[in-house]
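Peer 1: coords please:
(2 chains, ligands or ions: 1)
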Amino acid sequence: MPSGKSPDTGLRRQGTTVFTAVGALIGVVVIVQLWLVSASLDALLSGDMKVLVPAAIASLLLFFLNGGLLLHALAFDRRTRS
Amino acid sequence: MTMPHDPDTKAKAARWREDFPTEWEQDAYVARREFAKFLVLGSALLAGANGIIAAVGRRFRKRAPRLPRLRIAGASVLPPGGSLLFRYPTEEDPCILIRTVGGELKAYSQMCTHLSCAVVYRAPAGEFHCPCHDGRFSAGEGRPIAGPPTRRLPKILIEQEGSDIYAIGKEP
Ligand code: FES
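Peer 2: Alright, predicted model coming up:
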């Protein structure tokens, strides 16, 4: 492949599917996190403090899950480049 | 100085071009990859927001002030199904004391948790009604049961001493 030409088209087509699927999963998790933020804010305003820390921990775990999914997909991205 | 025909520069240019493709398929790939990264950034911000809310909550709990003990005048003669308005802990905080049909005494903040209208007690239905947007709360626990409110009415802690009723604190 001459320098500057696009990478393997077949691999990238696969990559589009991978990133679409990962993006959809991450999107669903982000919506759950949004719900957690709004529920936590509601709990804070109504003085229900005991749910705040578990909600923050859950949100952090969901972020790690999202990060893991992204790293997994980016590993594929590296393969399309090499 | 780096020359344009330097192999290193060429490799860098190739990588740069990979991220700004001209073909549709390649472009869809890059767009989705960047969107996934963007979503994870959003996820990090939301996790941070939840952490901040939890931190604010902890500070808030530690600073909860001690409230005064206040006698509620006329409470002892409240008939079953009746209600009485009082202010607690300050003159700015309207509250409502009720005696349920079963004879139990309960007190809550009178401010609706939706937009702060004053709630009224409806003894036959066993609920508080907010006339502003038709919100309803259960008389037993103050929980929202209909309409726009999502949070319960703050409960006023009461204590009976002889025939006198005292407000001694407020549950958020
Ligand atoms: S203010 Fe009470 S329902 Fe809206």
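Peer 1: and the helix or strand hosting B:A49, anywhere near chain A?
Peer 2: Applying DSSP states H and E as the criterion places B:A49 in helix B:24-62. Yes. Interface with chain A: helix B:24-62 contributes B:25-26, B:28-29, B:32-33, B:35-37, B:39-40, B:42-44, B:46-47, B:49-51, B:53-54, B:56-58, B:60-61 (Cβ under 8 Å from any Cβ of the partner chain). Glycine gets a C-beta too; all of them are placed from N, C-alpha and C.
Peer 1: can you map out the helices along the chain?
Peer 2: This is for chain A. Ranges of helices in chain A, per DSSP state H, are A:9-45, A:52-81.
Peer 1: oops, I was thinking of chain B
Peer 2: B:7-18, B:24-62.
Peer 1: Once you drop chain neighbours, what's closest to the residue of chain B found nearest chain A?
Peer 2: Closest approach between chain B and chain A, counting by Cβ to the nearest Cβ: B:P172, at 2.1 Å. Closest residue in space to B:P172, ignoring its immediate chain neighbours: A:G47 at 2.1 Å, by Cβ to Cβ, 6 or more residues apart in numbering or on different chains.
Peer 1: Please give me every residue in contact with that neighbour.
Peer 2: B:F60, B:P154, B:E171, B:P172 (Cβ atoms under 8 Å, 6 or more residues apart in numbering or on different chains).
Peer 1: Which of those residues ranks first by neighbour count?
Peer 2: Within the contacts of A:G47, neighbour counts (other Cβ atoms under 10 Å in any protein chain shown) peak at B:P154, which reaches 19 neighbours.
Peer 1: so who does residue 40 touch?
Peer 2: I went with chain A, as the question did not name one. A:V51, A:L52, A:A55, A:A56, B:N50, B:I53, B:A54.
Peer 1: oops, chain B please
Peer 2: Neighbours of B:V40 in contact, by Cβ under 8 Å, 6+ apart: A:I26, A:F63, A:N66, A:G67, A:L70.
Peer 1: Neighbours of A:S46, how many?
Peer 2: 15.
Peer 1: State the phi and psi torsions of it.
Peer 2: The phi and psi values for A:S46, taken as degrees, to the nearest 10, are phi -90, psi 10.
Peer 1: any idea how far the closest residue to it other than its chain neighbours lies from B:H114?
Peer 2: Distances taken as Cβ to Cβ, 6+ apart place B:R151 nearest to A:S46, at 3.9 Å, with adjacent residues excluded. Distance, B:R151 to B:H114, using Cβ to Cβ, to the nearest Å: 9 Å.
Peer 1: now swap in B:I165 and tell me
Peer 2: Relative to B:H114, and taking Cβ to Cβ, B:I165 is found at 28 Å.
Peer 1: Who has more neighbours out of those two?
Peer 2: B:I165 (22 against 17).
Peer 1: what sits against the more buried one?
Peer 2: Here B:I165 is in contact with B:R71, B:I72, B:A75, B:S76, B:L97, B:L105, B:I158, B:E159 (criterion: Cβ under 8 Å, 6+ apart).
Peer 1: mind listing what the fourth one touches?
Peer 2: Residues counted as contacts of B:S76 (Cβ under 8 Å, 6+ apart) are B:S163, B:D164, B:I165.
Peer 1: Where does chain A get nearest to chain B, which residue?
Peer 2: A:G47 (2.1 Å).
Peer 1: Could you pull up phi and psi at that residue?
Peer 2: Torsion angles, degrees, to the nearest 10, at A:G47: phi 80, psi 10.
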